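# Here is my input, please return the structure:
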Amino acid sequence: MKSFSTKEALVVGWQTFKERPFFLIGLFILTTVISSVMGLVAENVSGSTGVVINLVDFAIQIILGMGITLILLRVYDKSETDYTDLVEPLHLFWKYLVMTILVVSIITIGLVLFLVPGIVAGIALAFAPYLVVDRNMGPVQAIKESMRITHGHRWGLFIFGFLIFVINILGAIVFGMGLFLTIPITALAAVHVYRWLLNPPEHDGSEVTMTAKVLVSFAFVLVLGGLIVFVLALGGIRGSETADMRDAQRQADMGVIGLAADMYYTEYGTFPTTLQDMVPDLLNDIPRDPATNTEYVYTTYGENIDYQLCAELESTGQTYCTYGLEVGGE
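Here you go, the predicted structure:
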């Protein structure tokens with residue numbers, strides 16, 4: 001069975017990009033900035049407000065996903081479009097949301113059961129988002145139609161997806177600047193594949209040879225293995241960074257407690273007997289160890305004329321202490 005041509009898809013993607021390069025680069029920059037700003041806000045807000053912000057962030061990502069898909073379809077079809085089209089598909093929000101949840105759930109189950117079923121599911125359902133935006137299909141209908149149009153073409157789609165992944169990795173290597181070109185080009189190539197699958201020409205396309213299947217499968221295994229090693233190594237680095245960050249938090253907490261203790265000494269002539277003596281006049285709450293959630297070790301000397309405040313540092317394994325000698329000795 002003949003399938004689409006990956007080379008043709010990439011060539012069409014490049015040619016379409018050249019027609020409106022600044023518009024497409026601007027689209028990428030605009031949506032990236034919006035996503036990044038919302039992500040930063042969501043990361044730095046906690047509690048019930050944080051939950052609301054995260055929900056808003058998720059909703060905005062869904063809206064951007066629909067809008068980008070619509071704009072790419074219109075650019076490919078050489079129809080009029082501008083950045084305001086990002087919000088045009090708002091009426092499809094719930095359909096797109098349910099479709100996204102279903103697709104992610106199916107792929108996740110496939111990955112949990114075994115890696116290959118998850119990859120196959122990802123390929124089979126890849127065009128469900130396009131079908132919701134382009135054809136106004138319901139979630140289940142879009143999933144079924146995506147499975148139908150990809151049937152018999154999944155090896156070709158696997159190779160196409162792998163090449164897109166490699167191209168964007170190469171774009172990211174150049175300080176990320178190459179992504180301004182590779183993402184729009186490969187996205188338009190994907191639109192070409194989608195349009196081809198909806199109406200495949202009777203005598204067009206190419207066969208996916210066994211050699212290509214073997215080579216791409218081998219390359220995929222190598223890349224996947226490399227990514228796993230990289231993620232494991234990065235996890236170790238981040239684990240170390242996290243310990244350093246917690247140690248920095250401990251030292252900052254002890255600085256806050258020390259400042260409050262100095263203020264207590266100025267007012268009463270002695271340091272507090274316990275840390276709780278400073279609540280709520282000087283501290284709303286006593287800072288706690290970020291890992292164990294226990295109070296720092298606080299000890300007074302004499303008739304509370306001096307104190308020692310200590311914490312165990314993770315990164316060095318040493319005990320870090322501060323004292324009230326400078327204030328108490330005055």
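
# show me where pLDDT drops low in this structure?
Counting by pLDDT under 70, the chain has low-confidence residues at 1-2, 113-116, 174-176, 202-241, 325-330.

# Spell out the residue ranges of the helices in it.
For the chain, the helices defined by DSSP state H occupy 6-19, 21-43, 47-76, 93-113, 115-124, 128-135, 139-150, 154-173, 179-198, 210-268, 325-328.

# Need those helices in CSV (columns: mean neighbour count).
(Each C-beta comes from the backbone N, C-alpha and C, glycine too.) Converted to CSV, the helices of the chain look like this (neighbours: other Cβ atoms under 10 Å):
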stretch, mean neighbour count
helix 6-19, 17
helix 21-43, 15
helix 47-76, 17
helix 93-113, 16
helix 115-124, 17
helix 128-135, 22
helix 139-150, 19
helix 154-173, 18
helix 179-198, 22
helix 210-268, 13
helix 325-328, 15
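
# among those, which is nearest residue 277?
helix 210-268 (7.2 Å; Cβ to Cβ).

# hmm, back to that, can you list the helices of the chain in CSV and add distance to residue 296?
Output for those, formatted as CSV (distance: least, Cβ to Cβ, whole Å):
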stretch, distance to residue 296
helix 6-19, 58
helix 21-43, 26
helix 47-76, 24
helix 93-113, 41
helix 115-124, 46
helix 128-135, 51
helix 139-150, 52
helix 154-173, 43
helix 179-198, 45
helix 210-268, 6
helix 325-328, 18
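
# Quick one: residues contacting residue 131.
Contact partners of residue 131, counting by Cβ atoms under 8 Å, 6 or more residues apart in numbering, are 137, 141-142, 145-146.

# Kindly apply the preceding question to residue 136 instead.
92, 95.

# how close does it get to residue 185?
27 Å (Cβ to Cβ, to the nearest Å).

# and what of residue 255?
51 Å.

# What's the separation between residue 100 and residue 156?
Counting by Cβ to Cβ - residue 100 and residue 156 are separated by 25 Å.

# mind checking the end-to-end distance for stretch 264-278?
This stretch, stretch 264-278, spans 7 Å end to end (Cα to Cα, to the nearest Å).

# do stretch 267-287 as well
21 Å.

# can you list contacts of it?
Against stretch 267-287 from outside (Cβ under 8 Å, 6+ apart): 253, 256-257, 260-261, 263-265, 295-296, 298, 300, 303-307, 324, 327-328.

# From one end of stretch 83-103 to the other, what's the distance?
27 Å.

# which residues touch that stretch?
26-27, 30-31, 59, 62-71, 74, 125, 128-129, 132-133, 136-140, 142-143.

# Contacts only, for the residue nearest the centre of the chain.
Per Cα atoms, centre = their mean, the C-alpha nearest to the average position across the chain is that of residue 39, at 8.6 Å. Contact analysis of residue 39 by Cβ under 8 Å, 6+ apart lists residue 57.

# what do you get for the one 3 residues further on?
With Cβ under 8 Å, 6+ apart as the criterion, the residues that contact residue 42 are 50, 53-54, 57.

# Residue 139 now?
95, 98-99, 102, 128, 132.

# Make JSON lines from those residues and add distance to residue 315 to it.
As requested, the contacts of residue 139 are exported to JSON lines (distance: Cβ to Cβ, whole Å):
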{"residue": "95", "distance to residue 315": "49"}
{"residue": "98", "distance to residue 315": "46"}
{"residue": "99", "distance to residue 315": "45"}
{"residue": "102", "distance to residue 315": "44"}
{"residue": "128", "distance to residue 315": "46"}
{"residue": "132", "distance to residue 315": "49"}
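
# how close does the residue nearest to the centre of the chain sit to residue 168?
Using Cβ to Cβ, residue 39 is found at 19 Å from residue 168.

# Could you name the helices and strands sitting against the biggest strand by length in the chain?
Taking DSSP state E as the criterion, the chain has its longest strand at strand 306-312. For strand 306-312, the packing partners by 3 or more Cβ pairs under 8 Å, 6 or more residues apart in numbering; DSSP states H and E come out as helix 210-268, strand 297-301, strand 319-323, helix 325-328.

# can you do 7 Å?
Contact analysis of strand 306-312 by 3 or more Cβ pairs under 7 Å, 6 or more residues apart in numbering; DSSP states H and E lists helix 210-268, strand 297-301, strand 319-323 as its packing neighbours.

# For the second one, C-alpha coordinates in PDB please.
As requested, the backbone C-alpha atoms of strand 297-301 are provided in PDB (Å, rounded to 0.1, in the frame of the first residue of the first chain):
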ATOM      1  CA  VAL A 297      16.900  23.100  67.000                       C
ATOM      2  CA  TYR A 298      16.900  26.200  69.200                       C
ATOM      3  CA  THR A 299      18.800  26.200  72.600                       C
ATOM      4  CA  THR A 300      19.200  29.100  75.000                       C
ATOM      5  CA  TYR A 301      22.100  29.700  77.500                       C
END
